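Visitor: need a 3D model of the following:
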Amino acid sequence: MRTAQKIASILIIALGLLHCSFTFRNYYGISYEAAWFLGTGVAIVLAGFLNIALLRTGARDVVIWTMALIANVFFLLGFAASSYMMRQPQVFVGAALFLTATTYCFVVKPAESRNW
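Guide: Numbering: from 1, shown residues only. The predicted structure follows:
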């Protein structure tokens, strides 16, 4: 499961970078829509970074585990909702990647920590 999480985390970051790179292909110039699109890509990249942090700590840090779980669930729900509006491969790939990342959060158990 840890290997699947590593691959999913790397692919989440790649998906976010790809999303960012399409900003100026899809939008001509700076606009609210372009900024929103770019920001979404950056958020996907940051979610991938959270998953890498989770892998590095091995869920010993409850705060990182909680942040990764919340981010993964939100993105999983977002991609699932998007699949009803946009029947495009990248949406289904994103949903599958975040399903893997969310499942990993439930597989690893956070350690009891009094450090907050």
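
Visitor: show the pLDDT at Ser113.
Guide: Listed pLDDT for Ser113 reads 50.

Visitor: now swap in Met86 and tell me
Guide: On the pLDDT scale, Met86 gets 84.

Visitor: list phi and psi for it.
Guide: phi -120, psi 110 (degrees, to the nearest 10).

Visitor: Arg87 now?
Guide: Main-chain torsions, Arg87, degrees, to the nearest 10: phi -90, psi 70.

Visitor: residues near it, how many?
Guide: 9 (other C-beta atoms under 10 Å). In this view, the C-beta of every residue, glycine as well, is placed from N, C-alpha and C.

Visitor: same thing with Phe22?
Guide: A count of nearby residues for Phe22, using other C-beta under 10 Å, gives 14.

Visitor: which residues touch it?
Guide: Taking C-beta atoms under 8 Å, 6 or more residues apart in numbering as the criterion, Phe22 is in contact with 37, 41.

Visitor: please repeat the previous calculation with a cut-off of 6 Å.
Guide: With contact set as C-beta atoms under 6 Å, 6 or more residues apart in numbering, Phe22 has no partners.

Visitor: what's the closest non-adjacent residue to the one residue sitting closest to the centre of the chain?
Guide: When the chain is reduced to its mean C-alpha position, the nearest residue by C-alpha atoms, centre = their mean turns out to be Ala47, at 3.9 Å. Closest residue to Ala47 apart from its sequence neighbours, by C-beta to C-beta, 6 or more residues apart in numbering: Ala71 at 4.5 Å.

Visitor: what strand or helix carries the residue nearest to the centre of the chain?
Guide: According to DSSP states H and E, Ala47 maps onto helix 32-57.

Visitor: tell me the mean pLDDT for that helix?
Guide: For helix 32-57, mean pLDDT rounds to 91.
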